[in-house]
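>>> predicted model follows, preceded by the sequence.
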Amino acid sequence: KDFIQLIEELKIPVVRWPGGNYVSGYNWEDGIGPKEQRPARKDLAWNQIETNQMGTDEYVKLCSLIGAENFICINAGTGTLDQARHWVEYCNVEKGTYYSDLRRKYGNEKPFNVKYWALGNEIDGPWQMGQKNVEDYVKFALEAGKLIQLVDRNVKLVASGASDYNPDNGWIDWNDYLLQHMVGNIDYISVHRYATEALSGDRSFSGMMSLGLDLDIKIEIVKALIEKAMLKSGSKRPVFISFDEWSGGGNTLTGSLVAAQHLNSFIRHADIVKMANITMLSSLAGNSPEGDFKNALFQSFYLYSNNCYGTSLDVYTSCEKYSNNVFKDIPYLDVTSILNDSAKVLVVNVVNRHETNAIPTDIVLQTGEFTGNFTAKEVNGKSPASSNTRTEEGVSITTREFKFKGNTIRYSFPAHSLTQLEIPIK
């Protein structure tokens, strides 16, 4: 109950389930029907026992409780085409077929109308059960997608983009081949990236603050591959990025700022990244024997999920930069902006990547008319290692009001912080 109440505050738009490496050995029929009759299975992905007490019906109920859209990933590893189409039938057909009537028998008369269906998870990875080469994956995914849309033509399909980021950059070849052969038959290509892989063990604050650049690079390469495939195919069915596995980096201020960099990158590329899903939903709340609480990741995620609605704007940022062994010319300020025209608010998100120095700035609003007051909401703590417990909130949101004249705001962004400015417009 504590968890549901906390997650409701985040206004999560969509939840991807059941994963994840686990799904490549998952039979969805194990997770339906009376719970006492569900089989326990050995989960080979994580070497544990899966009781199947959390299945399709429970997942849909969770999404309903928190107001999120459903997004189911099929088993493209050890799974079959029949399992995929039958799952869609169970979820989306109203009545009159074996699996739709089975859903009704188990207590859900109305169809779930699951909109998003992922055609497998990380099938390029050697860690995946049923790993496939790209040619075999594309053959399976095209057929699976065809059958799924024969059951329900209104669903959106997400192809499994590469996730094995070897030094030879073979992930680019996987995505290129996939898109060349699947454009016109899919709506999204998935991108998974745990950005700390780029740092080769460096977990310093300055290293962690450079991860936004890795995300920008990955997104821009995939965007270029999509544009190439669209141009060659002549398809009019758009393909977007579903960035459906990423991680904030833990219950510390550093982790919260890493999450903010991810969200800034998604906003910066809002023309192509149309969906993103954090790993795991439970990572956004802390837990203790006394109950769940707002952890450090919750704080930054809350500001974005509640306030960043509207049109992503182009932002020019000029500030000091630094470099490390992986990235060069890392700007100390990571900035995005959103125009919420219906609420008449301009939102500016700024991560100060500097560990010790505040950075004074001039924010020049080049177009539009602005009123003379703005709100600054700041996520910060005493140090980058600050964290939250149920009784002590070391990472919190503070809110202050300011006045300004004209179209320039002078503001000093504190060290190791995320600041969200809300500027009313006429």
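It's in.

>>> all contacts plus neighbour counts: C-alpha atoms, from now on.
Fine.

>>> where do the helices sit along the stretch 1-150 of the chain?
Assigned by DSSP state H, counting those that start in this stretch, the stretch 1-150 of the chain shows helices spanning 2-9, 56-66, 81-92, 98-105, 134-151.

>>> and the ones you listed, which one is worst for confidence?
The minimum mean pLDDT among the helices of the stretch 1-150 of the chain belongs to helix 2-9 (a mean of 94).

>>> CA atoms only: put that helix into PDB for me.
Provided in PDB are the C-alpha atoms of helix 2-9 (Å, rounded to 0.1, in the frame of the first residue of the first chain):
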ATOM      1  CA  ASP A   2       2.900   2.400   0.800                       C
ATOM      2  CA  PHE A   3       4.500   1.600  -2.400                       C
ATOM      3  CA  ILE A   4       1.400   2.100  -4.500                       C
ATOM      4  CA  GLN A   5       0.800   5.500  -2.900                       C
ATOM      5  CA  LEU A   6       4.300   6.600  -3.600                       C
ATOM      6  CA  ILE A   7       4.400   5.500  -7.200                       C
ATOM      7  CA  GLU A   8       1.000   7.100  -7.800                       C
ATOM      8  CA  GLU A   9       2.700  10.500  -7.000                       C
END
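
>>> contact partners of it?
Outside helix 2-9, the residues within contact range by CA atoms under 8 Å, 6 or more residues apart in numbering are 65, 66, 67, 284, 285, 291, 292, 293, 294, 302.

>>> quick one: buried residues of it?
For helix 2-9, burial by neighbour count (16 or more other CA atoms under 10 Å) applies to 3, 6, 7.

>>> the residue lying closest to residue 310 once chain neighbours are set aside: what's it in contact with?
Closest residue to residue 310 apart from its sequence neighbours, by CA to CA, 6 or more residues apart in numbering: residue 340 at 4.3 Å. Listed by CA under 8 Å, 6+ apart, the contact set of residue 340 reads 308, 309, 310, 311, 346, 347.

>>> tell me the pLDDT at residue 340?
Model confidence at residue 340, given as pLDDT, is 95.

>>> roughly how far does it sit from residue 303?
14 Å (CA to CA, to the nearest Å).

>>> and for residue 244, the neighbour number?
Each residue near residue 244 was counted by other CA atoms under 10 Å, and the total is 22.

>>> er, residue 116 I mean
By other CA under 10 Å, neighbour count at residue 116 equals 21.

>>> rewinding a little: in ChimeraX, how would I select the buried members of the contacts of helix 2-9?
The ChimeraX command for the buried members of the contacts of helix 2-9 (criterion: 16+ other CA under 10 Å) is given here:
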select :66,67,284,285,292,293,294,302
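
>>> could the contacts of helix 2-9 go into CSV alongside distance to residue 413?
Output for those, formatted as CSV (distance: CA to CA, whole Å):
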residue, distance to residue 413
65, 37
66, 33
67, 34
284, 25
285, 27
291, 34
292, 31
293, 27
294, 24
302, 19
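
>>> give me the subset of the contacts of helix 2-9 lying in helices.
65, 66, 302 (DSSP state H).

>>> among the helices of the stretch 1-150 of the chain, which comes closest to residue 405?
Minimum separation from residue 405 across those (CA to CA) falls at helix 2-9, 33.8 Å.

>>> out of the buried residues of helix 2-9, who's nearest residue 174?
Among the buried residues of helix 2-9, and counting by CA to CA, the member closest to residue 174 is residue 7, at 35.3 Å.

>>> where in this protein is pLDDT low?
Within the chain, the ranges that satisfy pLDDT under 70 run 368.

>>> show me the longest helix that occurs in it.
Max-length helix for the chain by DSSP H is helix 211-233.

>>> residue 328 versus residue 415, what's the distance?
For residue 415, the distance to residue 328 (CA to CA) stands at 21 Å.

>>> no wait, residue 426
Here residue 426 is placed at a distance of 40 Å from residue 328 (CA to CA).

>>> which of the two has more neighbours?
residue 328 (12 against 9).

>>> I'd say that one and residue 322 touch.
Yes. Counting by CA atoms under 8 Å, residue 328 touches residue 322, with 6.9 Å between them.

>>> report the contact partners of the residue lying closest to residue 414 once chain neighbours are set aside.
In this structure, residue 414 finds its nearest non-sequential neighbour in residue 358, 4.2 Å apart by CA to CA, 6+ apart. When contacts are counted by CA under 8 Å, 6+ apart, residue 358 touches 352, 412, 413, 414, 415.

>>> same question, residue 30
By CA under 8 Å, 6+ apart, the contact set of residue 30 is 38, 39, 52, 55.
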